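**Student:** missing the sequence, but the structure's below:
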């Protein structure tokens, strides 16, 4: 009897090369002028997905959708899911409740004008949904969202909810680390494996920095009990991404492993089964 491979989720966070949180303070209008590489960085991703007949979730920044509607329509027409990555890539802590509501409204209107349907999924910039920004779930519900993929069950200097469940669940709006069977939002937390503590293997910096064998081991281990979620950004799979002169730690986190990341992703796509988040959650 052939054992069916578990379906995992693949997410492409569609944002500009200068969007990462660690580049704030280094970016000027002069540095980003005439350096819009978005189409060039997404083209190899779409080719890779076409090659392996994989559909994914593209979590699109509102400003990107506004500036590149034809690209987002092309992605949608290829059968990929379009989700929201908010509007400006400002964190929820920075925005506050009212500004976040305004950003979500603009994001939904803009994405719907391109695809003809409102997004059902959300990914917060810099994984910035935590207990202090739990009001985000109420706003997402108001705008018709059904799932979120923003909670990272680890602790870093930038983000994390280490007490959060590691499996898919419905967070309580009062305490997002608690499961509410009647909750209106499904949470697909970033994937970790437990080796004494939670070790992240979800993608991004972790995909670039960790050995390929360990990533595959981690996904296989996770798939024994639950689906995994892998996320990447176009700028971190593209060798021509501009690299700013910044201090050592932000430089390592932002740029380390870019030269090999696309090949690592391809190897993972060949080994495991992937689909948009909506398909993985379809039976939840």
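**Tutor:** Yes, it's here. What you see is a predicted model; the values in this text were computed from it and never measured.
**Student:** Only C-alpha atoms from now on, for both contacts and neighbour counts.
**Tutor:** Will do.
**Student:** what about residue 99, neighbour count?
**Tutor:** 12 (other C-alpha atoms under 10 Å).
**Student:** Isn't residue 18 up against residue 27?
**Tutor:** Yes - in this structure, residue 18 is within contact of residue 27 by C-alpha atoms under 8 Å, at 7.1 Å.
**Student:** ranges for the strands of the stretch 1-150 of the chain?
**Tutor:** 7-14, 57-60, 81-84, 121-122, 147-148 (DSSP state E, counting those that start in this stretch).
**Student:** residues of the longest one that come out buried?
**Tutor:** For strand 7-14, the buried set under the neighbour-count rule, 16 or more other C-alpha atoms under 10 Å, comprises 7-14.
**Student:** Kindly indicate which of those lies nearest residue 267.
**Tutor:** Of all the buried residues of strand 7-14, residue 267 sits closest to residue 10, with 13.7 Å by C-alpha to C-alpha.
**Student:** wait, what's in contact with the closest one?
**Tutor:** Applying C-alpha atoms under 8 Å, 6 or more residues apart in numbering to residue 10 gives the contacts 56-57, 229-231, 274-277.
**Student:** partners of it in the sheet?
**Tutor:** In this entry, residue 10 is beta-bridged to residue 230, by DSSP bridges.
**Student:** separation between it and residue 113?
**Tutor:** Using C-alpha to C-alpha, to the nearest Å, residue 10 is found at 24 Å from residue 113.
**Student:** from the chain's centre, how far out does the helix ranked longest in the chain sit?
**Tutor:** Longest helix in the chain by number of residues (criterion: DSSP state H): helix 92-115. Put simply, helix 92-115 sits 16 Å off its chain's centre (C-alpha atoms, centre = their mean, to the nearest Å).
**Student:** cool, and stretch 43-50?
**Tutor:** Centre to centre, stretch against its chain (C-alpha atoms, centre = their mean), the figure for stretch 43-50 is 17 Å.
**Student:** Tell me the buried residues in it?
**Tutor:** By 16+ other C-alpha under 10 Å, the buried positions in stretch 43-50 come out as 45-46, 48-49.
**Student:** Show me the shaky parts of the stretch 151-284 of the chain.
**Tutor:** 284 (pLDDT under 70).
**Student:** residue boundaries of the helices in it?
**Tutor:** 204-209, 212-222, 248-255, 258-271, 277-280 (DSSP state H, counting those that start in this stretch).
**Student:** hey, which of those helices is tucked in deepest?
**Tutor:** helix 204-209 (a mean of 22; mean count of other C-alpha atoms under 10 Å).
**Student:** tell me what that one is packed against?
**Tutor:** Helices and strands touching helix 204-209, by 3 or more C-alpha pairs under 8 Å, 6 or more residues apart in numbering; DSSP states H and E, are helix 258-271.
**Student:** nearest to residue 109, of the strands of the stretch 1-150 of the chain?
**Tutor:** strand 81-84 (10.7 Å).
**Student:** Rounded mean pLDDT for the closest one, please.
**Tutor:** Averaging pLDDT along strand 81-84 yields 98.
**Student:** Can you spell out which helices and strands pack onto that strand?
**Tutor:** By 3+ C-alpha pairs under 8 Å, 6+ apart, strand 81-84 packs against strand 57-60, helix 92-115, strand 121-122.
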